[in-house]
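Visitor: With the input below, show me the fold.
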Amino acid sequence: MGTFLQWLQHDTAGLLVLCAVGIAVLLLMIIRFRVEPFIALIVSGLLIALAAGLSVEEIVGTAQKSSESLLENGFAGILGHITAIVGLGTILGSMLEASGGAQLLTRKLLGAFGEQRAPLAMGLSGLVFGIPVFFDIGIFVLAPLVYVVARQGGKSILLYCLPLVAGLSMTHAFLPPHPGPVVAASLLGVDLGWIILMGLACGIPAFVVSGLLFPMWIGKRIDLPVPEDMLAAADELARKNENEGRPEPGLTTVAFIIGLPMVLILGATFGSITLPEGSAPLAVLTFLGNPTVALTIAVLMAFWLLGTRRGMTGKELSELTGSSLRPLGMILLVVGAGGFFGKVLAETGVGEALAGSLQSTGLPLLVSAYVISSGLRIAQGSATVAIVTTGGIIAPLLHAGDYSQAQLALIAVSIASGSIIASHVNDGGFWIISRYFGIPVKDMLKSWTVLETILSLVGFGMAALLSALLP
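Guide: Numbering: from 1, shown residues only. Below is the predicted model:
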C-alpha cells in the first residue's frame with residue numbers, strides 16, 4: 001500500500017492517474033448522480049488533495065485559523081477578482097432590459113436593414129445586446145421580436161432565431177463581463193482589455209460563419225413555423241409597449257451605456273502600451289479602465305439615463321438591482337469551487353506532471369487547452385464548469401513558458417471556444433432555445449448543436465491562426 005501511495009503522490013504517471021480519477025469522479029457526480037457542480041467540485045478537490053498526501057492543515061487549516069488553507073484561498077483568489085465585475089455587469093444588463101433598450105435596438109436595426117436582411121438584424125441585436133446581459137436573459141427579452149419578424153417574413157423560424165442566439169452565445173463565451181471570459185482571465189493572469197481584443201478578433205469571424213452563413217443554409221432545409229402560443233406572447237409585448245407610460249430611451253443613450261465600459265477598459269490596455277510608465281494620463285486611464293471602476297461608472301450612468309431621468313424612483317431601482325443579483329449565487333459558487341479545484345491541482349504537483357506529458361505529445365498549450373475544455377463541455381454540459389476546471393489545469397503549465405498578454409488571451413479564447421462546443425441535451429441552454437422557439441429535439445441537434453460546434457471550431461481556428469502570427 002505504501003509503495004502504491006508513493007507512486008500515486010510522487011511519480012508522474014501516478015499524478016496523472018490521480019488527476020484523471022479526480023476529473024472522472026467530478027463528471028460522475030454531475031452527470032450520473034445529479035450533484036450540483038459546485039458541491040461536486042469541492043468533493044473531488046478534497047479527495048484529490050487527500051489522495052495526494054497533502055496535510056489537513058494545508059487543505060482546510062486548523063480550528064483556530066483557516067485563512068491560509070487551500071479551501072479558502074481557492075475560493076477567495078478567484079471570487080475576489082470576478083464577483084464585482086459579474087455583479088455590476090448583471091445590473092447593467094437588467095437596466096437595459098427593463099428600460100426597453102433591447103427592443104429599441106432590435107427595432108432600429110430591423111428598420112435600417114429591412115425585411116430582406118432581417119436575419120442579419122437579429123444577429124447584430126444578439127451581438128450587441130449580448131455584451132451586457134446573460135445568454136438566457138437575452139433570449140427571454142428578444143424572443144417575442146423574433147416571433148414577429150418570422151411571422152412577417154413567412155419563412156422558417158430558424159432563419160431568424162439562430163442568428164440571434166449565435167450573437168448572444170458569442171458574446172457570452174468570448175467577452176467580459178460574462179463569467180466565462182472573466183474567470184479565464186483571472187486564472188491565466190490576463191488583462192481584460194486583451195481578452196476583449198482577442199475575443200472580438202476570434203469571435204466576430206466565428207459569429208459570421210455560424211450565425212449568418214449557417215442559418216441561411218439550414219433555414220432552407222428545416223422549415224419550422226412560429227408556434228401560435230409564441231405569437232400570442234409577441235402580441236402581448238406589443239400591447240405592453242403601447243401602454244408603457246415612460247418615454248422610450250434613445251438609441252444613442254443605449255449604445256453609449258453598452259459601449260462605455262468596453263471603451264474605458266480598452267483605453268487602459270492601450271494606455272499601458274503607448275504611454276510612459278508613471279505618467280499622469282496613464283494613471284487616469286488605468287483607474288478608469290479598471291473593470292470594476294468602468295462598470296460602476298456605466299451602472300451609475302444607466303441608473304440616471306435609463307432610470308431616474310425616465311421617472312423611475314429610488315425604490316424601483318433598488319428592487320430591480322436586488323432581483324437581478326439573486327440568480328448570481330449558483331454561478332459564483334461554481335466559480336469559487338472551481339478555483340479551489342484548480343488550486344488543489346496546482347498544489348499537488350499534478351500541473352507539472354501534466355505539463356511534462358503534454359510537452360511530450362508535442363501538442364501546443366493552445367490546442368491542449370481547447371481539447372480539455374471541449375471534453376469537459378461535452379461530458380457535463382456546463383460551459384462555466386468547463387472553463388474553471390480547464391483553467392485550473394492549464395494555469396500551472398504557463399510557468400514553463402514565457403507568454404505575452406496577447407498569447408495568454410488567445411489561450412483564454414481557446415478555453416472559451418472549447419466550452420461551447422456541441423451543446424446537446426445536458427446543456428440548459430439547449431432546452432431554453434427549444435422551448436422559446438418551438439424547435440423539436442431532433443431539429444435542435446441538426447441546427448443549434450451544429451451552430452455551437454461551428455462557433456467553437458472557428459473561434460479556436462482564429463485563436464490558433466493569430467497565435468501563429470504573433471511574434
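Visitor: secondary structure element for Ala369?
Guide: Here Ala369, judged by DSSP states H and E, is contained in helix 365-380.
Visitor: burial count for Gly77?
Guide: The number of residues packed near Gly77 is 16, by other Cβ atoms under 10 Å. Glycine gets a C-beta too; all of them are placed from N, C-alpha and C.
Visitor: swap that for Ala112, please
Guide: Ala112 has 11 nearby residues by other Cβ under 10 Å.
Visitor: What helix or strand is it located in?
Guide: helix 101-113.
Visitor: swap in Cys19?
Guide: Using DSSP H and E, Cys19 falls in helix 12-31.
Visitor: And for Lys220?
Guide: Counting by DSSP H and E, Lys220 is part of no helix or strand.
Visitor: Now it. Nearest residue, chain neighbours left out?
Guide: Distances taken as Cβ to Cβ, 6 or more residues apart in numbering put Ser156 closest to Lys220, at 7.7 Å, once the chain neighbours are dropped.
Visitor: Would you mind confirming that the one you found is in contact with Leu224?
Guide: Yes. Using Cβ atoms under 8 Å, Ser156 is in contact with Leu224, at 5.1 Å.
Visitor: So between the two, which is more surrounded?
Guide: Ser156 (23 against 19).
Visitor: got a list of what that one touches?
Guide: Residues near Ser156 by Cβ atoms under 8 Å, 6 or more residues apart in numbering: Ala150, Gly219, Lys220, Ile222, Asp223, Leu224, Pro225.
Visitor: Restricted to helices, list those.
Guide: Within those, residues falling in helices by DSSP state H are Ala150.
Visitor: do you know how far the closest residue to Leu27 other than its chain neighbours is from Ala386?
Guide: What sits nearest to Leu27 in space, not counting adjacent residues and going by Cβ to Cβ, 6+ apart, is Ala379, at 5.1 Å. Note on Ala379: its distance to Ala386, by Cβ to Cβ, to the nearest Å, is 9 Å.
Visitor: Give me the more crowded residue out of those two.
Guide: Using other Cβ under 10 Å as the criterion, Ala379 and Ala386 rank with Ala386 on top: 27 against 18.
Visitor: residue ranges with poor pLDDT in this structure?
Guide: Where the chain drops to pLDDT under 70, the residues are 1, 228-246, 351-352, 354-360, 400.
Visitor: and which of the contacts of Ser156 is nearest to Gly311?
Guide: Taking Cβ to Cβ as the measure, Gly311 sits nearest to Ala150 out of those, at 33.4 Å.
Visitor: To what extent is that closest one buried, counted in neighbours?
Guide: 26.
Visitor: Verify the contact between it and Val226 for me.
Guide: Yes. Ala150 is within contact range of Val226, at 4.8 Å (criterion: Cβ under 8 Å).
Visitor: what do these two both touch?
Guide: Counting by Cβ under 8 Å, 6+ apart, the residues touching both Ala150 and Val226 are Ile157.
Visitor: sorry, back to before: by neighbours, which of the contacts of Ser156 wins?
Guide: Neighbour max across the contacts of Ser156 (other Cβ under 10 Å) = Ala150, 26 neighbours.
Visitor: list the contacts for it?
Guide: Ser156, Ile157, Leu159, Tyr160, Cys161, Val226.
Visitor: Is the first one within a helix or a strand, and which one?
Guide: Read it as Ser156. Using DSSP H and E, no helix or strand contains Ser156.
Visitor: any chance you could map the helices in the stretch 1-150 of the chain?
Guide: 2-10, 12-31, 37-51, 56-60, 70-98, 101-113, 118-129, 135-153 (DSSP state H, counting those that start in this stretch).
Visitor: all helices of the stretch 251-400 of the chain, in order?
Guide: Under DSSP H, counting those that start in this stretch, the stretch 251-400 of the chain gives helices at 251-274, 280-288, 291-302, 314-325, 328-348, 350-361, 365-380, 383-394.
Visitor: now what about the third one, what contacts it?
Guide: Here helix 291-302 makes contact (Cβ under 8 Å, 6+ apart) with 84-85, 88-89, 91-92, 95-96, 176-177, 182, 192, 256-257, 260-261, 264-265, 287-288.
Visitor: re the thing from before, pick the most buried one from the helices of the stretch 251-400 of the chain.
Guide: Of all the helices of the stretch 251-400 of the chain, helix 383-394 has the most neighbours on average by mean count of other Cβ atoms under 10 Å, namely a mean of 28.
Visitor: Just the C-alphas of it, formatted as PDB.
Guide: In PDB, the C-alpha atoms belonging to helix 383-394 read as follows (Å, rounded to 0.1, in the frame of the first residue of the first chain):
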ATOM      1  CA  ALA A 383     -19.600  26.000 -20.000                       C
ATOM      2  CA  THR A 384     -18.700  27.600 -16.700                       C
ATOM      3  CA  VAL A 385     -17.500  24.200 -15.200                       C
ATOM      4  CA  ALA A 386     -15.500  23.500 -18.300                       C
ATOM      5  CA  ILE A 387     -13.800  26.900 -18.100                       C
ATOM      6  CA  VAL A 388     -13.000  26.900 -14.400                       C
ATOM      7  CA  THR A 389     -11.700  23.200 -14.500                       C
ATOM      8  CA  THR A 390      -9.700  23.700 -17.600                       C
ATOM      9  CA  GLY A 391      -8.300  27.000 -16.300                       C
ATOM     10  CA  GLY A 392      -7.200  25.300 -13.100                       C
ATOM     11  CA  ILE A 393      -5.500  22.500 -15.100                       C
ATOM     12  CA  ILE A 394      -3.800  24.900 -17.600                       C
END
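Visitor: Before I go, just wanted to say thanks for your time.
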